[in-house]
Structure formats: C-alpha cells, structure tokens
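Trainee: A structural model of the following input is requested.
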Amino acid sequence: MKFIIDIIKGIFVGVANVIPGVSGGTMAVSFGIYDKLLSAISNIIKDFKNSVKTLFPIAIGMVIGIISFTFIIPLLLKNQPFITSAAFTGLILGGVPMMFATLKDGWKNDTKKSLPACVIVFIIFTAIALIFSFASGNEDNGVLLNANPSTMVTVFFMGVIAAATMVIPGVSGSLVLMILGYYFGILSSVKNFITALKDLNFAALWDEFLILCPFGIGCIIGLIFISKIIHWFLKHFPSATYCGILGLIITSPVSIFYKVQQEYDMSGTSVPQILLGIVFLVACMALTLFIGKLDQKQEAEKEVKEA
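Mentor: Alright, predicted model coming up:
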C-alpha cells in the first residue's frame with residue numbers, strides 16, 4: 001500500500017515540475033516526502049540500498065506524471081487556466097498544516113534555535129520567492145533544440161540548474177528554464193521523444209535522446225549536489241531552514257496565478273469557472289491532507305511493528 005501511495009505522490013511532484021511557476025519541491029513538502037527524498041538522494045552512495053528503496057516508487061510516479069502531463073497540462077492550462085491553477089494551489093495549501101507540524105518539531109529539537117534568526121530567514125526567502133515569481137518568464141523563444149555538441153553541453157548545464165532549483169520548495173525549475181530560454185525546447189524534445197518511440201522512428205528517437213540524455217545527467221548531478229546542501233542545513237539548523245522553506249511555500253499560489261495569467265489570459269474567467277475553481281481548490285486541499293494523514297498512519301503502524 002505504501003508503495004502505491006508513494007507512486008501517487010511522485011506523480012503529483014512530476015506534474016508540478018512540468019508547470020512553470022509550480023514548484024516540485026513545494027509539492028514534495030505538501031505530500032510529506034521532502035525530507036526523506038533529500039535524505040535518500042544525499043545518502044545514495046553511502047546507503048545505496050535504502051536510498052533506492054525510498055526513491056524507486058517516487059521516481060516511477062514522477063516519470064508517469066512528467067510523461068503524461070507533458071501533453072495534458074498545456075491543454076488544461078489553455079482551456080481552463082483558472083481551474084487548473086486553483087487545483088494546484090489547493091494541492092500546495094493542503095500541505096501547509098503538515099509543514100507547520102514539521103516546523104514545530106524542528107523548533108522543539110533544535111538546540112540552536114533563535115526566533116529573530118527564523119523571522120529574518122522567513123522574510124528573506126519570502127522576498128526571494130516573490131522576486132522569482134515576478135521575474136520575466138517570457139524570454140523563452142520556443143527554440144528548437146538540435147543534437148550537436150554545443151547544445152548537448154548547454155542542456156547538461158540547464159539540467160544541473162533546473163534540478164537544483166526543483167529541489168528548493170517555492171522555486172520552479174520549469175520557470176527557471178523558461179527564464180533562461182530552454183523550457184519549450186526541452187518540453188518539445190520530451191514530446192518528440194515519446195512520439196518517435198510510439199512511431200518506432202529510430203532516427204528521431206536518437207536525435208532527441210542526444211538532447212535528453214545530457215539534460216537528465218545534469219538533473220541527477222544537480223539533485224545530488226543541492227540535496228546534500230539542504231540536508232546539511234536541515235540537520236544543523238532545522239528551525240531556520242524550515243522557516244525559509246515555509247516562506248518559499250506561501251508565495252507559491254502567487255507565483256502560479258501570476259505565471260499562468262502571463263501565459264494564458266484569465267481575464268475572461270466566468271463566475272461558474274471561478275466557483276468550480278474554488279471547488280477544485282478545496283477538493284485538492286482535502287486530497288493532500290488525506291494522503292498526508294494516510295502516510296502518517298502508515299508510518300505509525302510501521303514504527304509499532306518495528307518496536
């Protein structure tokens with residue numbers, strides 16, 4: 001059962017990584033898997049077996065979410081931008097109570113806690129997230145990536161940057177790619193790879209592989225590097241680190257609606273659509289809370305069995 005739950009959580013994290021303005025790290029926090037993801041990634045060499053056991057179902061879900069919603073999300077945002085944005089906002093807000101509980105535990109166990117330091121960190125990270133939210137994301141020129149050595153090196157570094165930002169709650173890796181001008185190029189390569197695989201077009205498959213492979217390697221390196229840094233901060237300064245993460249998270253709804261408004265005009269949203277959006281927001285909040293409580297129950301039962 002836990003394996004299936006982790007796959008479902010991974011799907012939502014994968015979907016979040018496809019949408020500019022939506023943070024995969026925030027979604028991981030909302031679904032209560034952020035800490036164990038960080039720990040598993042940062043200790044993958046030291047504790048390979050347990051790290052892979054933790055990461056495997058989440059990775060399966062992320063791949064399903066990314067591949068499926070590479071095609072679905074643009075359609076949803078194009079046809080129902082407000083409702084789609086509201087749904088993702090609900091998924092994020094539903095995890096805030098769990099985040100407060102984690103912050104409370106971190107404060108209780110932190111020997112280096114300082115309220116002024118936590119407040120300052122919270123304000124700084126909130127400001128950083130807002131700056132990122134309102135940064136121009138229209139610089140992406142829809143570039144079509146060609147498989148040549150120069151492009152392969154460039155997309156490798158794009159992968160490092162994107163993965164590093166994906167790990168940080170409140171910062172959207174896809175938004176960073178959009179600002180750098182490579183979001184639509186990478187998205188097109190994923191679509192073309194899947195289409196070529198379906199059509200058994202091996203020439204096109206190889207071309208897209210030469211782009212996606214260095215990007216994927218860059219993502220892995222970026223994930224491991226930044227995860228180790230954040231894991232260190234969570235271990236030594238949990239209160240301040242969680243306050244910073246909370247500051248990033250609470251700005252996510254602003255980022256989502258602002259970014260979607262830029263890309264897909266929501267000015268024509270009707271009253272029924274607004275009401276339906278609110279329904280989806282509440283439903284998605286309830287879904288996140290339900291999955292979080294289910295996961296806590298599973299963990300409690302596991303601890304009882306181990307005891």
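Trainee: in the stretch 1-150 of the chain, where is pLDDT below threshold?
Mentor: Scanning the stretch 1-150 of the chain for pLDDT under 70 picks out 20-23, 102, 132-133, 135-144.
Trainee: do the stretch 151-300 of the chain as well
Mentor: Where the stretch 151-300 of the chain drops to pLDDT under 70, the residues are 165-166, 168-172, 175-176, 178-181, 184, 291-292, 294-300.
Trainee: residue boundaries of the helices in it?
Mentor: Assigned by DSSP state H, counting those that start in this stretch, the stretch 151-300 of the chain shows helices spanning 173-180, 183-199, 202-236, 238-250, 252-263, 271-306.
Trainee: quick one, which of these is nearest to residue 56?
Mentor: helix 202-236 (14.7 Å; Cβ to Cβ). Placement of C-beta: from N, CA and C, glycine included.
Trainee: which helices and strands does the closest one pack with?
Mentor: On a contact count with 3 or more Cβ pairs under 8 Å, 6 or more residues apart in numbering; DSSP states H and E, helix 202-236 meets helix 34-42, helix 149-167, helix 183-199, helix 238-250.
Trainee: does residue 177 touch residue 186 like I think?
Mentor: Yes. Using Cβ atoms under 8 Å, residue 177 makes contact with residue 186 at a distance of 6.3 Å.
Trainee: overlap of the contact sets of the two?
Mentor: With contacts taken as Cβ atoms under 8 Å, 6 or more residues apart in numbering, residue 177 and residue 186 have residue 158 as neighbours in common.
Trainee: compare these two (neighbour count), which wins?
Mentor: residue 177 (26 against 22; other Cβ atoms under 10 Å).
Trainee: if I look at the more buried one, how far off is residue 75?
Mentor: From residue 177 across to residue 75, the span is 20 Å (Cβ to Cβ, to the nearest Å).
Trainee: again, but for residue 289
Mentor: Distance from residue 289 to residue 75, by Cβ to Cβ: 28 Å.
Trainee: between those two, which has more neighbouring residues?
Mentor: Shown here are residue 289 and residue 75; by other Cβ under 10 Å, residue 289 has more neighbours (17 against 11).
Trainee: what's near enough to touch the more buried one?
Mentor: 94, 97, 98.
Trainee: need those residues in a markdown table with secondary structure, distance to residue 60 and neighbour count, can you?
Mentor: Shown next, in a markdown table, are the contacts of residue 289 (DSSP: H, G, I helix; E, B strand; the rest coil; distance: Cβ to Cβ, whole Å; neighbours: other Cβ atoms under 10 Å):
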| residue | secondary structure | distance to residue 60 | neighbour count |
| --- | --- | --- | --- |
| 94 | coil | 23 | 23 |
| 97 | helix | 27 | 15 |
| 98 | helix | 23 | 21 |
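Trainee: and of those, the nearest to residue 33?
Mentor: residue 98 (10.5 Å).
Trainee: after the helix or strand harbouring residue 54 comes which helix or strand?
Mentor: Assigned by DSSP states H and E, residue 54 belongs to helix 48-79. The helix or strand immediately downstream of helix 48-79 is helix 81-93, counting by DSSP H and E.
Trainee: contact partners of that following helix?
Mentor: So helix 81-93 is contacted by 12, 16, 19, 22, 26-27, 30, 73, 76-77, 249, 252-253, 256-257, 260-261, 264-266, 269, 273-274, 276-278, 280-285, 287-288 (Cβ under 8 Å, 6+ apart).
Trainee: which of these count as buried?
Mentor: 12, 16, 19, 22, 26-27, 30, 73, 76-77, 249, 252-253, 256-257, 260-261, 264, 266, 273, 276-277, 280-281, 284-285, 287-288 (16 or more other Cβ atoms under 10 Å).
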